[in-house]
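*Asks:* Sequence and predicted structure below; questions after.
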Amino acid sequence: MSATTGRAVTASSGDPLAEAVELTRRLKLPHIRRHLVELVPTARAQRWDHAELVRVLLAEEAAGRDATNLRTRRARAGFPAGKTLHDWDAAASCIPRPTRTRSPAWSGSPGGRTSASAARPAPGRATSARRSGRPRSRPG
């Protein structure tokens, strides 16, 4: 007899699949319960080993719990899910306007460094060709 519920686990008197579903409900195994009804007939038809069926059901429960935990953590984190730049309201932004409109230095905009100037080595620096001992190519 169980110490907490007062119910004893007895031998199967009815449909074993229905009893297994009820036990998964009592044990709070929702992912096994969801897959149990479809996997047991498949396992019988394909003559699976009992241990293989248990392994597959436990793997489904573990995967389901992992997915549920991930969804719960993301919801509790309060990430702005589904938001895009089109949803952004510039008037409600706390970022000062001059900062928002300034172009990044790498964009090639006026006042910023262009890709050609960014690729040129700084004056006085040796290039990889000179360091490796190869002769520099000269414009001709």
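*Replies:* Thanks, I have it. What you see is a predicted model, and the numbers here were worked out from it, not measured in a lab. Numbering: from 1, shown residues only.
*Asks:* looking only at pLDDT, what's the mean for stretch 95-115?
*Replies:* Across stretch 95-115, pLDDT averages out at 60.
*Asks:* Give me the neighbour count for Trp48.
*Replies:* Counted with other Cβ atoms under 10 Å, residues neighbouring Trp48 total 16. (Each C-beta comes from the backbone N, C-alpha and C, glycine too.)
*Asks:* got a pLDDT number for it?
*Replies:* 94.
*Asks:* Is it in a helix, a strand, or coil?
*Replies:* Using DSSP: H, G, I helix; E, B strand; the rest coil, the structure places Trp48 in coil.
*Asks:* same check, this time on the one 10 residues further on
*Replies:* Under three-state DSSP, the three-state class of Leu58 is helix.
*Asks:* got the contact list for it?
*Replies:* The contact partners of Leu58, by Cβ atoms under 8 Å, 6 or more residues apart in numbering, come to Ile32.
*Asks:* Might you list the low-confidence residue ranges for this structure?
*Replies:* Along the chain, the model assigns pLDDT under 70 to residues 1-12, 81-83, 99-140.
*Asks:* mind listing the strands for it?
*Replies:* For the chain, applying DSSP state E gives no strands.
*Asks:* Tell me where it has helices.
*Replies:* 16-26, 30-45, 50-77, 97-101, 115-119, 128-132 (DSSP state H).
*Asks:* Tabulate these (a markdown table), appending distance to Thr84.
*Replies:* A markdown table is the format used below for these (distance: least, Cβ to Cβ, whole Å):
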| stretch | distance to Thr84 |
| --- | --- |
| helix 16-26 | 41 |
| helix 30-45 | 33 |
| helix 50-77 | 18 |
| helix 97-101 | 17 |
| helix 115-119 | 28 |
| helix 128-132 | 41 |
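*Asks:* what's the distance between Ala51 and His35?
*Replies:* 16 Å (Cβ to Cβ, to the nearest Å).
*Asks:* Of these two, which one has the most company?
*Replies:* His35 (17 against 8).
*Asks:* What's the end-to-end length of stretch 37-53?
*Replies:* With Cα to Cα, to the nearest Å as the measure, stretch 37-53 spans 12 Å from end to end.
*Asks:* what comes up buried for it?
*Replies:* Buried residues in stretch 37-53, counted by 16 or more other Cβ atoms under 10 Å: Leu39, Val40, Ala43, Trp48, Leu53.
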